[in-house]
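# the following block contains a protein sequence and its predicted model.
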Amino acid sequence: MYCYVLFFLKKISAGRNKTLVSVAFLCIAYITKAQPVFMEQHAIDSLHNIIALNRQDSNQVHALYSLSRGTTLSNTNKSVELGNTGLGLARKIKFPMGELECLEALSFSYAITSSFEKGFSTAYEAINLSKKYAPVREIFGINMMGLLYQKLGDDKEALRWAQKAYYHPGIKHADNFTQWSAMFLLAQEHERQNNLDSSYQFALETLDYSKRYFPFQEDYPMLILSRVNSKLKKYDEAVSYGMQALDAAQKTKEIFFANEVENELATIFFNANKPDSTEKYASLALQGATQLKNYLVIANSSNLLSRIFEKVEPAKAYAFLKISMAANDTVTNVEKTRQVKQLEIKEGQRVADLHLAEKSVKDQLRFNTAAGLFLSVLVISIILYRNNRNKQKANLALQDKNDKIERTVSELNTAQALLLARNAENELLLKEIHHRVKNNLEVVSSLLVLQSNQIDDENTREAMLEGQNRVQSIGIVHQKLYQGTNLGAIEMKDYFINLSESILDSFGAEKRVTIECAMDNIDVDIDTAVPLGLIVNELLTNTLKYAFPAGQHGNVQIKLRRQTDGVLQLEVSDDGVGKSGMMQGTGFGGQLVALLTQQLGGFMREEVKNGTSIYFEFKPIKAA
């Protein structure tokens, strides 16, 4: 349809201006139904010709809107300029539908450029205007609200708006791009919040819709499907979708998106234990991200390269680690600025709501006062003059009390806003501290690796490896703290999974030993989590060293549960050769486990039966 309209436009554009205007809007009718994409030059020229007529009418508004949508991705600044010009003209000639179109174009451009205040403002205006003149187009504004919150980093709010758009009663009557945006945003947000089954279904739906209406953007849902399969450890499917997405992005010359896909492929290959492919795509991702200044990709790709070179070329690994840490610091500063900006926007919205509520209260108060005065007048005509004076005095006293109440409420709101802002600032600072501690522990771990590579004595190398694992177990605790939402507690199941993977990697035992965390999600405070992590680290280290000799395969199970009285029960068992007294000797590991158990007010017992099982019970720690 698009190619046919452009041919028809070119054929008759040599006629009079009036003919040019009418035919050009056959093209515009298509553009308003599609995502902003590349426009043919003769279509752009025709729209410019309409604008050049300067008739100050609805046709000129439509042309400005169409050019704004068409240049959103290629020249965002120009898109904003055209959208504002069209918006001003639409308001001048009182053309509500043109005003709505230009607000939609501007909200999309502001979302792309992360101009949050202007983006929220134009999206809200578009929603309110569409309710009056075109209810179905409200969905576009709702999509933009979701996109703005996603770029702001508020995934919970982004998901709420995405669901509001997708399940809108009029969604089936919306244009193709609006429907595509609703389902794609929903797939994105479910993946970002690890709702993998829902994300997978919506991504498949988006991919099918893309094949029917937007074949040039199949790569977007393919990347979501790649990430979902990677999280489910279905690495072959993840690689397949990733390769298709990369091929599509390269064909459409989407350089930034292709760089993101290369980074995702490098991560998938690393998790699938394919170092050669990891090195290839991590190197490509790092090279592209450096040119594009994409610090998130720089941090991840250089970290992957550091880890695959860690044992074979320590110096090279350390160089990549420094690149990753520098990029992480940049990302942290950007993240801090973004979070502060998010707080400012939310606080601005809250203050606006308070002002609106305050105005409503004052209006109600004025109404009540007027009603009281009117009743007083009636009473004056019926009752004595003295009663009227008493009424007036009562009204004045009531007004004085209302003024005092308003001042008190205003002071309380101000104090609450200050407390919220200080609390948010303290949370940001605490996360920054945990992040710095985790980075410093990683440097210590890397230094231990470099040092151990220079040592020939096997016992000393083994002690250095154990020390590295102990540092890593503490570092994972701080990583979970700054990545999580609860700064005072750790979710232990996820922590034990990460710790197990790290220890298996350090011993190179991923393929012969399986570690299962058979437990529910349990939150534990940091004073308990660090000793528990060190205890489990020592037990897993001893198990991998002694329970499965001569490359024997085996299984290890970790269980942690909390009783109703608050007692924590920990069990680490294996199906190895079975060896009693593994943690009761005079070695440093055994002494460390005993001291940590005593520190947590617990006791330990060992059972050798079809392997070795070690049981602990820890009494709840009372706050000082």
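Noted; the coordinates are in hand.
# make it CA atoms for all contacts and neighbour counts henceforth
Will do.
# which strand in this structure has the most residues?
strand 554-562 (DSSP state E).
# flag every buried residue along that strand.
Gly554, Asn555, Val556, Gln557, Ile558, Lys559, Leu560, Arg561, Arg562 (16 or more other C-alpha atoms under 10 Å).
# of all those residues, which two lie farthest apart?
Gly554 and Arg562 (27.3 Å; C-alpha to C-alpha).
# count the neighbours of the closest residue in space to Arg512 that isn't next to it in sequence for me.
Once flanking residues are discounted, Arg512 sits nearest to His553: 4.6 Å by C-alpha to C-alpha, 6 or more residues apart in numbering. The criterion is other C-alpha atoms under 10 Å. On that basis, His553 has 15 neighbouring residues.
# pLDDT at His553, what is it?
Here the pLDDT value assigned to His553 is 92.
# any idea how far it lies from Phe496?
21 Å (C-alpha to C-alpha, to the nearest Å).
# same deal with Glu138?
Taking C-alpha to C-alpha, one finds Glu138 at 46 Å from Phe496.
# hey, C-alpha coordinates of stretch 366-373 in CSV?
What follows is stretch 366-373, C-alpha atoms only, in CSV (Å, rounded to 0.1, in the frame of the first residue of the first chain):
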residue,chain,number,x,y,z
ARG,A,366,-15.7,29.3,49.8
PHE,A,367,-18.9,27.5,48.7
ASN,A,368,-19.6,26.4,52.3
THR,A,369,-19.0,30.0,53.5
ALA,A,370,-21.2,31.5,50.9
ALA,A,371,-24.0,29.0,51.8
GLY,A,372,-23.6,29.9,55.4
LEU,A,373,-23.8,33.6,54.6
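# show me the contacts for Phe216.
Ser210, Ala248, Thr252 (C-alpha atoms under 8 Å, 6 or more residues apart in numbering).
# name the nearest of these relative to Gly590.
Minimum distance to Gly590 across those is 55.7 Å, recorded for Ala248 (C-alpha to C-alpha).
# does that closest one touch Glu218 like I think?
Yes. Between Ala248 and Glu218 there is a contact at 7.5 Å, judged by C-alpha atoms under 8 Å.
# just the strands in the chain please.
Under the criterion DSSP E, the chain contains strands at 489-491, 513-517, 523-525, 554-562, 568-574, 602-608, 612-618.
# can you lay out the ones you listed as CSV showing distance to Lys391?
Listed next are the strands of the chain as CSV, based on distance: least, C-alpha to C-alpha, whole Å:
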stretch, distance to Lys391
strand 489-491, 60
strand 513-517, 75
strand 523-525, 62
strand 554-562, 66
strand 568-574, 69
strand 602-608, 74
strand 612-618, 71
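# show me which of the contacts of Phe216 are buried.
By 16+ other C-alpha under 10 Å, those give Ser210, Ala248 as buried.
# which members of the contacts of Phe216 are positioned in helices?
With DSSP state H as the criterion, helices contain Ser210, Ala248 from among those.
# for Arg227, state which of the contacts of Phe216 is nearest.
Ala248 (16.5 Å).
# and that closest one, how far is that from Pro215?
On the measure of C-alpha to C-alpha, Ala248 and Pro215 end up 10 Å apart.
# same question for Ile497.
With C-alpha to C-alpha as the criterion, Ile497 and Pro215 are 40 Å apart.
# one more: Ala547?
Counting by C-alpha to C-alpha, the gap from Ala547 to Pro215 is 55 Å.
# and what of Leu596?
59 Å.
# likewise for Ala550?
54 Å.
# show me which of those two is the more surrounded one.
Legend: neighbour count by other C-alpha under 10 Å for Ala550 and Pro215, higher for Pro215 (13 against 7).
# roughly how far does that one sit from Thr71?
20 Å.
# same check, this time on Glu254
For Glu254, the distance to Thr71 (C-alpha to C-alpha) stands at 15 Å.
# for Leu539, same thing?
From Leu539 to Thr71 the distance is 60 Å (C-alpha to C-alpha).
# how about Phe120?
21 Å.
# so where's the stretch 251-400 of the chain shaky on pLDDT?
Where the stretch 251-400 of the chain drops to pLDDT under 70, the residues are 331-360, 363.
# could you pull out the helices in it for me?
255-271, 275-292, 295-308, 314-382, 385-453 (DSSP state H, counting those that start in this stretch).
# what's the answer for the stretch 51-200 of the chain, then?
Counting by DSSP H, counting those that start in this stretch, the helices of the stretch 51-200 of the chain are 58-70, 76-92, 96-112, 116-133, 138-152, 155-166, 176-192, 196-213.
# out of the ones you listed, which gets nearest to Asn388?
Comparing those by C-alpha to C-alpha, helix 116-133 comes nearest, at 46.6 Å.
# tell me which residues of that closest one come out buried.
For helix 116-133, using 16+ other C-alpha under 10 Å, the buried residues are 116-117, 119-120, 122-130.
# quick check, nearest of the residues you listed to Lys280?
Phe116 (37.0 Å).
# test my guess that that closest one contacts Tyr110.
Yes. At 6.8 Å, Phe116 counts as touching Tyr110 under the criterion of C-alpha under 8 Å.
# which residues touch the residue nearest to Lys391 when sequence neighbours are not counted?
Excluding its sequence neighbours, the residue lying closest to Lys391 (C-alpha to C-alpha, 6+ apart) is Ser376, at 6.9 Å. Shown in contact with Ser376 (C-alpha under 8 Å, 6+ apart): Asn388, Lys391, Gln392.
# for PyMOL, what selects the buried ones among those residues?
Buried residues within the contacts of Ser376, by 16+ other C-alpha under 10 Å, are selected in PyMOL with:
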select buried, resi 388+391
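# rebuild the contacts of Ser376 as JSON lines, extending it with distance to Gly88.
Formatted as JSON lines, these follow (distance: C-alpha to C-alpha, whole Å):
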{"residue": "Asn388", "distance to Gly88": "55"}
{"residue": "Lys391", "distance to Gly88": "53"}
{"residue": "Gln392", "distance to Gly88": "51"}
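# return the member of the contacts of Ser376 nearest to Leu89.
Gln392 (52.8 Å).
# so what's that closest one up against?
With C-alpha under 8 Å, 6+ apart, Gln392 has these contacts: Ser376.
# count the residues that sit near the residue lying closest to Tyr149 once chain neighbours are set aside.
Using C-alpha to C-alpha, 6+ apart and skipping residues adjacent in sequence, the residue nearest Tyr149 is Ala158, 5.0 Å away. Neighbours of Ala158 under the rule other C-alpha under 10 Å: 26.
# with that, I have no additional questions.
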